[in-house]
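J.: Predicted model and sequence below, questions to follow.
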Amino acid sequence: MTHSRIAGTGSYLPEKVLTNFDLEKMMDTSDQWIRERTGIERRHIAASGETTVDLAERAARAALDAAGVRPADVDFIAFGTTTPDMVFPNCGALLQARLGCRGAAAFSVETACSGFMYALSIADKFVRFGDARRALVIGAETLSRITDWGDRSTAVLFADGAGAVVLEAAEAPGILSTHLHADGSYKDLLYCGGGLAAGSDPAKARRVITMTGSEVFKIAVSTLGRAMDEALAANALDRSAVDWLVPHQANLRIIQATARKLDMPMERVITTVQDHGNTSAASVPLALDVGVRDGRIKRGDLLLLEAFGGGVTWGSALIRY
Ligand code: UT7
């Protein structure tokens, strides 16, 4: 069995920026409330007609460029999203056609904010077992399309964007471990209705994000703490070995609580929530790309990635970058 490593990262954010002050004009909220409770200051919103795959294509091309990999050499595409362009074909297949990765396996994973972690874990296994040589792993969302703009408790949180990584087979370990989990018993705390079963449950008929935020907050903090311990224990590593925490960007207070559990100063945490809001499956690869491109994350650094989202689902990855 070989290993997989991250050969390159990329990301893309829509041009339009919506600030907290813009939101103040749209609903009964304030910049102060949003910053104090979430850390968010601004977020990007897709243009009319700009789709999840449009964003993903820009991020994927950037990651392929960074990796020096031609689209024709990609043989596996794992695409995490909860806002697909269509019911089918899946976003991975749509992206495959755009890029010209002919014959590559392509599928999407629908685990909300953990979508990228699930996609990464699956792609890592295919590369390690020799069933894929170069994999494109995507997290991309247009959450603005499933945001209830009349619900201030969620409308100020969610946003659009895309992140991508290219994995390739390697001699030395890159991705050291991944762990995935879910607990469907929390399904009513965070969901988006409007699916095919909507007719049988009027409460779930609306295709908008619905969240009991304070409950999700508590579960996220305790779950992510355990997830960090699991990732480190599986590799017999002490928390002091981690160079960078690259967390899901839902709420600065959740990120700070996770960093505290790891005894990590915030200087070693990549935070983009202030500029990106919560981009669900896109948030971790977006944060990773920001950290790589601004020079903080360097080759050889030990990275701890984590995400938590609707389902509930969660996952972690420990990576020697
Ligand atoms: O990514 C997937 C996982 N998602 C998460 O991890 C999100 C987890 N949850 C959170 O981040 C936080 O719970 C929120 C940011 C969503 C909410 O923060 P909170 O501190 O838990 O606030 P709350 O929901 O308990 O609401 C506190 C107050 C309420 O008013 P009352 O009842 O105390 O009078 C809300 O009505 O804040 C009010 N409120 C707002 N006020 C101004 C709720 N939303 C807003 C708003 N602007 N946008």
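T.: Ah, there it is. Not measured: the values here are computed from a predicted model. Residues are numbered from 1 along each chain as shown.

J.: For the residue of the stretch 101-250 of the chain found nearest the ligand, which residues are in contact?
T.: Taking C-beta to the nearest ligand atom, the ligand has its nearest neighbour within the stretch 101-250 of the chain at residue 213, 2.7 Å off. C-beta coordinates here come from the backbone N, C-alpha and C atoms, glycine included. Taking C-beta atoms under 8 Å, 6 or more residues apart in numbering, we find residue 213 in contact with 153, 154.

J.: again with residue 195
T.: Listed by C-beta under 8 Å, 6+ apart, the contact set of residue 195 reads 204, 207.

J.: could you redo the last one with a cut-off of 10 Å?
T.: Neighbouring residues of residue 195 by C-beta atoms under 10 Å, 6 or more residues apart in numbering: 87, 201, 204, 205, 207.

J.: Now these in CSV, please, with extra columns for neighbour count and pLDDT.
T.: Formatted as CSV, these follow (neighbours: other C-beta atoms under 10 Å; pLDDT from 0 to 100):
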residue, neighbour count, pLDDT
87, 8, 95
201, 10, 76
204, 18, 80
205, 13, 86
207, 13, 92
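
J.: helix or strand for residue 37, which one?
T.: Assigned by DSSP states H and E, residue 37 belongs to helix 31-38.

J.: export that helix as CSV, just CAs?
T.: Coordinates of each C-alpha in helix 31-38 appear next as CSV, following Å, rounded to 0.1, in the frame of the first residue of the first chain:
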residue,chain,number,x,y,z
ASP,A,31,-22.8,44.2,13.1
GLN,A,32,-22.1,44.1,16.8
TRP,A,33,-24.3,41.0,17.4
ILE,A,34,-23.0,39.1,14.4
ARG,A,35,-19.3,39.8,15.3
GLU,A,36,-19.7,39.1,19.0
ARG,A,37,-21.7,35.8,18.6
THR,A,38,-20.0,34.4,15.4
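
J.: Please list the residues outside the helix or strand following it that contact it.
T.: Using DSSP H and E, the next helix or strand after helix 31-38 towards the C-terminus is strand 42-45. Outside strand 42-45, the residues that touch it by C-beta under 10 Å, 6+ apart are 12-23, 34, 55, 142-145, 147, 156-161, 273-279, 286.
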